[in-house]
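Q: Structure here, sequence nowhere to be found:
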């Protein structure tokens, strides 16, 4: 499975061009409260856009990267100051 993450401090985001391409391919009409951060990170269209556009897909404070993990792993995206990584989900209690 492929997942898109941000590999620098700042935060995940797509460029305006990448957002437009995504919305056109998905057939979504943009609305005021739509953000690229709402896209599931394992969305196949998102992965293809980042792979094909490279740096042109990066948002203002982002360096996007596609990470491949084994199928069937329950995963989550963790971050520190916008720098993200994929982690396997574990149970936690407080």
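A: On my side now, so go ahead. Keep in mind it's a predicted model, so treat the numbers as computed, not measured.

Q: use CA for all of it now, contacts and neighbours both
A: Fine.

Q: Where does the prediction get shaky in this structure?
A: Across the chain, nothing is flagged by pLDDT under 70.

Q: switch to 90 and redo it
A: For the chain, the stretches with pLDDT under 90 are 28-38, 90-94.

Q: So which residues of it form helices?
A: Using DSSP state H, the helices of the chain run over 16-26, 44-53.

Q: chain center to the longest one, what's the gap?
A: Remark: helix 16-26 is offset 13 Å from the chain centroid, using Cα atoms, centre = their mean, to the nearest Å.

Q: For it, buried residues please.
A: 18-19, 21-22 (16 or more other Cα atoms under 10 Å).

Q: coming back round to it: indicate which one of the helices of the chain is closest to residue 63.
A: Of all those, helix 44-53 sits nearest to residue 63, with 10.0 Å by Cα to Cα.

Q: helices or strands next to that closest one in the packing?
A: When contacts are defined as 3 or more Cα pairs under 8 Å, 6 or more residues apart in numbering; DSSP states H and E, helix 44-53 packs onto strand 2-6, helix 16-26, strand 64-68.

Q: so residue 66 makes contact with residue 50?
A: Yes. At 7.4 Å, residue 66 counts as touching residue 50 under the criterion of Cα atoms under 8 Å.

Q: hey, what's in contact with both of the two?
A: Overlap of the contact sets of residue 66 and residue 50 (by Cα atoms under 8 Å, 6 or more residues apart in numbering) consists of residue 4.

Q: quick one on the thing from earlier: okay if I get the helices of the chain as JSON lines plus distance to residue 92?
A: Formatted as JSON lines, those follow (distance: least, Cα to Cα, whole Å):
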{"stretch": "helix 16-26", "distance to residue 92": "35"}
{"stretch": "helix 44-53", "distance to residue 92": "30"}
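
Q: With residue 6 as the reference, name the closest of those.
A: Taking Cα to Cα, helix 44-53 is the member of these nearest to residue 6, at 11.0 Å.

Q: buried sites along the closest one?
A: 45-47, 49-50.

Q: to the chain's geometric centre, what's the distance from it?
A: Chain-centre distance of helix 44-53: 10 Å, with Cα atoms, centre = their mean.

Q: Next: stretch 3-19.
A: Between the centre of stretch 3-19 and the centre of its chain there are 6 Å (Cα atoms, centre = their mean).

Q: Much appreciated, bye for now.
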